[in-house]
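Participant: Sequence and predicted structure, then a few things I'm wondering about:
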Amino acid sequence: MIEVAGPYQTDIAVDGLEGLRKLKQDEYDIVFTDVKMPRLGGLEFMYEIKQSNPAIPIVVITGYSYLETAISAMRQGATDFVTKPFTFDDIKYVLEKAVRERSTIKSLADGVSNDSLVEALNSELYRKLRGINTLFSLSTELDEIRENDRIFQRIVSMMARLLIAKNVSFGLVEDGFLEIRHAIGPERETRVPLKGTAYEEALEEKGHTLLEVGGKNPINGCTLRTEFLIIPLVLNSEVLGFLSITDKTDGYAFTDEEINLALTLARKASLRLENNALYEITYNNLINTLKTLVLTVEARDSYTKDHSERVAKLALEIAEVVGCDQAEKDAIRFGGYLHDIGKIGVRDMILLKPGKLTDEELEEIKKHPVIGSNIVAPLGSFPLERLLIRHHHERFNGTGYPDGLEGEGIPLIARILAVADTYDSMTTTRPYRKGLTHEAAVKEIRRCSGTQFDPAIVRAFLTLRPEKGRSEYRGD
């Protein structure tokens with residue numbers, strides 16, 4: 001046994017199998033287990049314990065990114081969970097709560113009938129599961145949000161739903177003030193000074209604060225009629241802002257269970273914000289690298305300079321008419337810029353040849369969509385863009401390359417880009433030919449509708465104003 005702070009003694013097992021041996025040899029009041037362990041994982045370990053000793057409380061320890069696993073464990077019988085990184089105070093809080101709950105069950109068992117005990121336990125279990133299921137649902141929603149402001153907005157409604165509260169707000173800490181960005185409830189101040197308020201203490205401690213009934217509302221200065229919960233959103237060890245929750249609809253006080261759920265959701269939101277920041281940095285680095293490759297291609301061939309940007313811009317105009325969703329438009333915006341990146345793998349003597357290409361040279365040029373797709377493929381973050389790059393030379397009648405796709409089997413964004421790419425190529429002057437006029441290029445695109453191009457995309461292209469044709473897209 002190892003004695004730690006407080007009236008607790010602990011024993012340590014290096015994995016689940018050793019933990020089971022110790023449980024057979026001695027009695028324990030509570031078990032803490034990690035989810036990931038060698039030889040026997042945490043969930044399997046919990047299952048084995050419950051088979052032999054279903055009454056012992058089990059607390060699951062996991063990282064924020066595996067929060068769903070912890071919630072699933074609670075559905076299977078775990079008493080609670082702790083998310084990494086954690087402090088001793090976090091462990092102590094969960095431990096004391098588990099001890100209180102076990103004492104309550106023992107006292108109930110001593111003084112009431114079995115039916116009453118079962119009813120009381122079922123009621124408590126239902127309340128816990130309701131909160132856990134709500135947290136699971138909200139956690140899943142957070143995972144889908146990429147924009148930080150949407151996280152700030154959604155976390156307000158999420159907290160209102162989780163804690164059943166009528167008055168919830170989120171504000172950013174800026175220059176000694178709390179700038180309220182999103183709120184649910186009565187009209188309130190939009191700029192609150194931190195100095196001399198409970199927010200100042202929470203800012204220093206970087207922890208949550210619970211203001212009691214009768215205290216002072218730090219936002220409007222009124223006397224509190226229900227408890228007021230302040231939770232910081234911490235990013236990179238700095239307080240980014242505060243969630244303020246009050247006016248519970250099912251009572252004036254927050255339970256320990258509710259506070260724990262709210263803190264877990266806030267930590268998950270902080271992790272989502274941190275992941276967004278890391279994603280943005282990585283994404284920007286990738287974009288800059290790819291743009292450098294595009295510039296390398298354009299530097300080799302002055303006649304294709306700015307071609308990619310013009311094509312992407314025209315394709316976006318067509319996408320608006322067609323009614324593409326945001327993901328498709330984003331793919332066109334970036335993928336359109338990269339659509340010819342594969343030409344970096346084509347020899348200069350072919351790429352820059354002033355005259356007509358031979359059949360062999362044409363076959364080499366036709367490899368650039370595959371080369372471009374292969375360049376983007378290892379990045380993993382651009383699946384739609386990769387489809388656009390690979391298939392922008394497919395033809396609606398199936399005679400295009402590299403895969404001979406036909407009709408709607410060609411991705412929509414590639415069908416759109418094919419029209420924009422052809423228009424810009426036809427209206428660009430090259431050493432071996434003069435560019436066509438806008439009218440002549442439009443006539444050619446009409447002629448190829450249904451063979452080279454999707455007729456629906458051609459109709460969308462033709463709705464664009466004539467004056468937005470050659471002069472704007474070619475930059476002449």
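Facilitator: Cool, got the structure.
Participant: For this structure, just list every one of the strands.
Facilitator: Along the chain, counting by DSSP state E, strands occupy 2-3, 9-10, 31-34, 58-63, 80-84, 165-174, 177-184, 191-193, 209-211, 228-235, 238-248.
Participant: Out of these, which gets the lowest mean score?
Facilitator: Per-stretch mean pLDDT for the strands of the chain is lowest at strand 2-3 (a mean of 36).
Participant: returning to that earlier point: quick one: closest of the strands of the chain to Arg272.
Facilitator: Of all those, it is strand 228-235 that lies closest to Arg272, at 10.1 Å by C-beta to C-beta. All C-beta spots, glycine's among them, are computed from the backbone N, C-alpha and C.
Participant: which helices and strands does that closest one pack with?
Facilitator: On a contact count with 3 or more C-beta pairs under 8 Å, 6 or more residues apart in numbering; DSSP states H and E, strand 228-235 meets helix 198-205, strand 209-211, strand 238-248, helix 256-300.
Participant: Alpha carbons of it, as PDB, please.
Facilitator: What follows is strand 228-235 as a C-alpha-only set of coordinates in PDB (Å, rounded to 0.1, in the frame of the first residue of the first chain):
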ATOM      1  CA  PHE A 228     -23.800  31.800 -10.900                       C
ATOM      2  CA  LEU A 229     -21.200  29.500 -12.400                       C
ATOM      3  CA  ILE A 230     -18.100  31.000 -14.100                       C
ATOM      4  CA  ILE A 231     -16.000  28.600 -16.300                       C
ATOM      5  CA  PRO A 232     -12.900  29.700 -18.100                       C
ATOM      6  CA  LEU A 233     -12.000  28.600 -21.600                       C
ATOM      7  CA  VAL A 234      -8.200  28.000 -21.400                       C
ATOM      8  CA  LEU A 235      -6.000  27.800 -24.500                       C
END
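Participant: got the buried residues for it?
Facilitator: Across strand 228-235, burial judged by 16 or more other C-beta atoms under 10 Å covers 228-235.
Participant: rewinding a little: so of the helices and strands packed on strand 228-235, which one's packed in deepest?
Facilitator: strand 238-248 (a mean of 22; mean count of other C-beta atoms under 10 Å).
Participant: re earlier: could the strands of the chain go into a markdown table alongside distance to Ile219?
Facilitator: Shown next, in a markdown table, are these (distance: least, C-beta to C-beta, whole Å):
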| stretch | distance to Ile219 |
| --- | --- |
| strand 2-3 | 45 |
| strand 9-10 | 43 |
| strand 31-34 | 38 |
| strand 58-63 | 34 |
| strand 80-84 | 29 |
| strand 165-174 | 7 |
| strand 177-184 | 8 |
| strand 191-193 | 5 |
| strand 209-211 | 11 |
| strand 228-235 | 9 |
| strand 238-248 | 7 |
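Participant: I'd like to know which of those is closest to Ile350.
Facilitator: Nearest to Ile350, of all those, is strand 228-235, at 50.8 Å by C-beta to C-beta.
Participant: nearest residue to Glu189 other than its sequence neighbours?
Facilitator: Ile219 (5.7 Å; C-beta to C-beta, 6 or more residues apart in numbering).
Participant: Phi and psi next, for the one you found.
Facilitator: phi -90, psi -50 (degrees, to the nearest 10).
Participant: ok, it - contacts?
Facilitator: Under the criterion of C-beta atoms under 8 Å, 6 or more residues apart in numbering, the neighbours of Ile219 are 169, 180, 188-189, 192, 244.
Participant: Quick one: neighbours of Lys367, just the number.
Facilitator: Here the number of neighbours of Lys367 (other C-beta atoms under 10 Å) works out to 15.
Participant: can you check the one 5 residues further on too?
Facilitator: Under the neighbour criterion other C-beta under 10 Å, Gly372 is assigned a count of 29.
Participant: Quick check: it vs Pro378, distance?
Facilitator: 13 Å (C-beta to C-beta, to the nearest Å).
Participant: any idea which helix or strand of this protein has the worst average confidence?
Facilitator: Every helix and strand in the chain was compared by mean pLDDT, DSSP states H and E; the lowest is strand 2-3, with a mean of 36.
Participant: shaky segments in the stretch 51-200 of the chain?
Facilitator: Along the stretch 51-200 of the chain, segments meeting pLDDT under 70 span 64-72, 74-77, 85, 99-143, 187-188.
Participant: circling back to that earlier point, wait, which of the helices and strands packed on strand 228-235 is closest to Glu174?
Facilitator: Closest approach to Glu174 among the helices and strands packed on strand 228-235 (C-beta to C-beta): strand 238-248, 8.8 Å.
Participant: Using CSV, list the CA coordinates for the closest one.
Facilitator: The C-alpha coordinates for strand 238-248 follow below in CSV (Å, rounded to 0.1, in the frame of the first residue of the first chain):
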residue,chain,number,x,y,z
GLU,A,238,-4.0,31.3,-21.0
VAL,A,239,-7.7,32.2,-20.3
LEU,A,240,-9.3,33.0,-23.6
GLY,A,241,-12.7,33.9,-22.2
PHE,A,242,-15.4,33.0,-19.7
LEU,A,243,-18.7,31.1,-19.8
SER,A,244,-21.2,32.5,-17.4
ILE,A,245,-24.2,30.3,-16.4
THR,A,246,-27.1,31.2,-14.1
ASP,A,247,-30.9,30.9,-13.8
LYS,A,248,-31.3,27.2,-13.7
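Participant: Name every strand pairing with that strand and say which way it goes.
Facilitator: When sheet partners are counted by DSSP bridges, strand 238-248 sits next to strand 165-174 (antiparallel), strand 228-235 (antiparallel).
Participant: Tell me which residues touch the closest residue to Ile145 other than its chain neighbours, please.
Facilitator: Closest residue in space to Ile145, ignoring its immediate chain neighbours: Ile151 at 5.2 Å, by C-beta to C-beta, 6+ apart. Neighbouring residues of Ile151 by C-beta under 8 Å, 6+ apart: 142, 145, 269, 272-273, 276.
Participant: Could you do Thr197 as well?
Facilitator: For Thr197, the contact set (C-beta under 8 Å, 6+ apart) comprises Pro218.
Participant: one step back: do you know how far the residue nearest to Glu189 is from Asn236?
Facilitator: 26 Å.
Participant: Asp26 too?
Facilitator: Distance, Asp26 to Asn236, by C-beta to C-beta: 42 Å.
Participant: now do Arg272
Facilitator: From Arg272 to Asn236 the distance is 14 Å (C-beta to C-beta).
Participant: Give me the number of neighbouring residues for Ala418.
Facilitator: Ala418: 27 surrounding residues under other C-beta under 10 Å.
Participant: confidence score at it?
Facilitator: At Ala418, pLDDT is 96.
Participant: Likewise for the one 10 residues further on?
Facilitator: Note for Thr428: predicted pLDDT of 86.
Participant: Hmm, Val311 and it touching each other?
Facilitator: No. Under the criterion of C-beta atoms under 8 Å, Thr428 makes no contact with Val311, lying 10.4 Å away.
Participant: Give me the more crowded residue out of the two.
Facilitator: Val311 (26 against 22).
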